[in-house]
Every structure is written in C-alpha cells, then in structure tokens.
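Asks: predicted model and sequence follow; I will ask about them next.
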Amino acid sequence: MTKKSSDFTESEIAARLDKIPYAKFLNIRPLLMGTELTMVMPYSDDIIGNPLLKALHGGSVSAFMEITAIVQLAIENQTVQFARPVGVNIDYLRRGRPQDTYARAVIMRQGSRVANVQVRAWQRSFDEPITVLHGHFMLARDT
Amino acid sequence: MTDTISKEERLTQLWELGPLFVSGTPHAVALGFRFVAVDIGSATLAMDYDAKLIGDTETRVMAGGVVTALLDHTSGLAAISAFEQSVPVATLDMRIDYMRAAEPGKNLIAEARCYKTTRNVAFVRAVAHDGDSDNPVASCQAVFMTTGGGWKSDKEDGPQIKRVPT
C-alpha cells in the first residue's frame, strides 16, 4: 500500500467521484470517519427494483459497491485513472430497504497488476450486511 | 393442484409480462432498459448508450455497474420465464466476468438463459454485448430464488411451480 488512508481528504475522494457520472447519477457521496472511508448511496425512488416490496434493485447496490471498490483503490494507490473490474462475485443477503445504503471496501491483496477487493453494503447496522461483493480489479497503469 | 398450462398460453403471458417487467421497475426505467424478447427460459433486454451512465469521463465507457444491473434484470426475467407461473424472484448471488470495455456510443444487449430450475431455484447464464454475441462485453452466472410464497412442496395445496415442458 503506497499511501495510508489517513493521508487522503474528503475533497480528494470527491474529486475521484466527480469523474464518474454514474456515481453522480446514484448520488453517491463519501463519508470519511477517521481513516475509514464509507460511501453513502442515499435512497431514491430511481433505485427501486421491486415497487411492491419497495426493495432496492440488486443492480443499483452492486454498482454502488463496484464504485466503492474502484474509488478505494484509486485513493489508496493515489492514481488518477480507475481500476477496472475483471470478475466480481455478489451475494445478496438481505432485501435492500427504501433507505440510505452504506458501503466500505477492503483491499485484501494487491499485486503489481491486480487487486482483490471485498466490499460490504449495509443499511441499519454494519453487522447486518445486505450485500457483499468480492472480486478482482485490474489496476490503473499510472501508478 | 395446478391446471397445466400450454406452452402457447405461457408464452402469451410472458410477452405481456416482459414489457411490464421493465416499465414497472423504477431502476430499469431510470437506466433506460428496453424489453426485446422473451421465451420460455430465456430473455433479451437492451439499453441505449447514455452519457449519464459513464463510469470514467476519460474513457467515456459505461460503468461496469450498469452492465451488472442490465445482466441482473435480464437474468431475472429469464428465471421467471422458466417457471410455469410468473412468480417473483430474488437474486441470491451473481458472478460477473468483464471481458472488455463496452464501446462508447454503442447500445448494450443482454441475453439470458435459464438452464435449470428446481422447485424454488433458477440457474441462469447471461451475456452482455454491443452487437455481436460472440464478442461479449461481460458474462454472468446467477442464481435466483422464488419469493413471497415460502417453500413450495408437492404435498402442499395451492399453486405449484414447475418447469413448462419445452
């Protein structure tokens, strides 16, 4: 790890998010607590997948988690470009309720070209994840 | 016990359901998904390239998450279409391989096929491409479970979910 997460600021993270129009579309914003970055996807009617149950669309939660992973990689590695997902696995553990969703990414292992990242998304409590993602991301080359 | 439904009747149902499966899902509408086709155990959806769904302003490629959402939604319709009745399903898990970047400006098409169902579970494979299904942008494998009705057993009364003979 080239840089500790304590070294980056919320505005650096916001600058990364500004380069992802889709993150803006989902209204994703950063929440930096000490050295831990949590991403927030505020509730919106546009991310509903099942209107009867008012359940979030699995695709919106997955996209949110992928963005959380690539932003975490970009800030920890201090890259301008983004890593690209190669293969990801997503487990849907609980129904996403019509409320704000949080996500946090942990880089489990990083080599010279590929990183393995785990992401957890939750709503009411960190201990009750609604979705977990793990996958490999091809690192940006501008390191 | 269930009356057996003919393949023709089921197809009529599915072609009525298909467009609603997109227009009735707020997130699918927000991302601009379009219904293309459905058959027993398979489904095709598409979406236009959209600048607001870009994942990186430098490459102008649509975000991986958009492809994920399209694959998830198409796979869900394929799962539903494999059962004898249109029961709601939920995604249990999904594995996506991103083979290459989708070309900026090109529409995306997702084709999903449910290759196996049990009483409550559907196994689906899908690909997303931008015109040539032999050159996919991404592929995925997903497992869906029927929701709402609890466990379905042959011993229970009420609607039975069975695979339509093809």
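Replies: Cool, the structure landed.
Asks: show me what contacts A:Met33?
Replies: Contact partners of A:Met33, counting by CB atoms under 8 Å, 6 or more residues apart in numbering or on different chains, are absent. Glycine gets a C-beta too; all of them are placed from N, C-alpha and C.
Asks: in the sheet, who's paired with it?
Replies: According to DSSP bridges, the partner residues bridging A:Met33 are A:Glu36.
Asks: next one: it from chain B, what distance?
Replies: Spatial separation of A:Met33 from chain B under the definition CB to the nearest CB, to the nearest Å is 24 Å.
Asks: got it, and A:Gly135?
Replies: In this view, A:Gly135 and chain B are 8 Å apart by CB to the nearest CB.
Asks: which strands and helices lie in contact with the helix or strand containing that residue?
Replies: Taking DSSP states H and E as the definition, A:Gly135 sits inside strand A:129-138. Using 3 or more CB pairs under 8 Å, 6 or more residues apart in numbering or on different chains; DSSP states H and E as the contact criterion, the neighbours of strand A:129-138 among helices and strands are helix A:58-77, strand A:84-92, strand A:114-122.
Asks: buried residues, that strand. List them.
Replies: Going by neighbour count (16 or more other CB atoms under 10 Å in any protein chain shown), the buried part of strand A:129-138 is A:129-137.
Asks: residues of chain A that sit close to chain B?
Replies: Proximity of chain A to chain B, by CB under 8 Å from any CB of the partner chain, involves residues A:19-22, A:24-25, A:45-52, A:55-60, A:62-64, A:66-67, A:81-82, A:84-92, A:95.
Asks: for stretch A:93-110, which positions count as buried?
Replies: When burial is assessed from 16+ other CB under 10 Å, stretch A:93-110 yields the following buried residues: A:95-96, A:101-105, A:107, A:110.
Asks: of the residues you listed, which is the nearest to chain B?
Replies: Of all those, A:Arg95 has the smallest distance to chain B: 7.3 Å, by CB to the nearest CB.
Asks: excluding covalently adjacent residues, which one is nearest to that closest one?
Replies: Closest residue in space to A:Arg95, ignoring its immediate chain neighbours: A:Ala55 at 4.7 Å, by CB to CB, 6 or more residues apart in numbering or on different chains.
Asks: then stretch A:46-58 to CSV, C-alphas only?
Replies: Only the C-alpha atoms of stretch A:46-58 are listed here, as CSV (Å, rounded to 0.1, in the frame of the first residue of the first chain):
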residue,chain,number,x,y,z
ASP,A,46,-35.0,5.6,-9.0
ILE,A,47,-33.0,2.7,-7.5
ILE,A,48,-36.1,0.6,-6.6
GLY,A,49,-36.2,-2.8,-8.2
ASN,A,50,-39.4,-4.2,-6.8
PRO,A,51,-42.1,-1.5,-6.3
LEU,A,52,-44.4,-3.8,-4.4
LEU,A,53,-41.9,-4.7,-1.8
LYS,A,54,-40.1,-1.3,-2.1
ALA,A,55,-36.9,-3.3,-2.4
LEU,A,56,-33.8,-1.8,-3.9
HIS,A,57,-32.6,-3.2,-7.3
GLY,A,58,-29.7,-5.6,-6.9
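Asks: that's a helix at A:Glu12, yeah?
Replies: Yes - using DSSP: H, G, I helix; E, B strand; the rest coil, the secondary structure at A:Glu12 is a helix.
Asks: what about the residue nearest to it when sequence neighbours are not counted, distance to chain B?
Replies: Counting by CB to CB, 6+ apart, A:Ile75 is the residue found nearest to A:Glu12 once chain neighbours are left out, at 6.3 Å. Shown here: A:Ile75 relative to chain B, a distance of 15 Å by CB to the nearest CB.
Asks: start and end of stretch B:45-52, how far apart?
Replies: 19 Å (CA to CA, to the nearest Å).
Asks: show me which residues of that stretch are buried.
Replies: Of the residues in stretch B:45-52, those scored as buried under the neighbour-count criterion (16+ other CB under 10 Å) are B:45-47, B:49-50.
Asks: which non-adjacent residue is nearest A:Leu31?
Replies: Closest to A:Leu31 by CB to CB, 6+ apart is A:Thr38, at 4.6 Å.
Asks: got the contact list for that neighbour?
Replies: With contact set as CB under 8 Å, 6+ apart, A:Thr38 has these partners: A:30-32, A:102-104.
Asks: do that again at 10 Å, thanks
Replies: Taking CB atoms under 10 Å, 6 or more residues apart in numbering or on different chains, we find A:Thr38 in contact with A:30-32, A:68, A:102-105, A:122, A:126.
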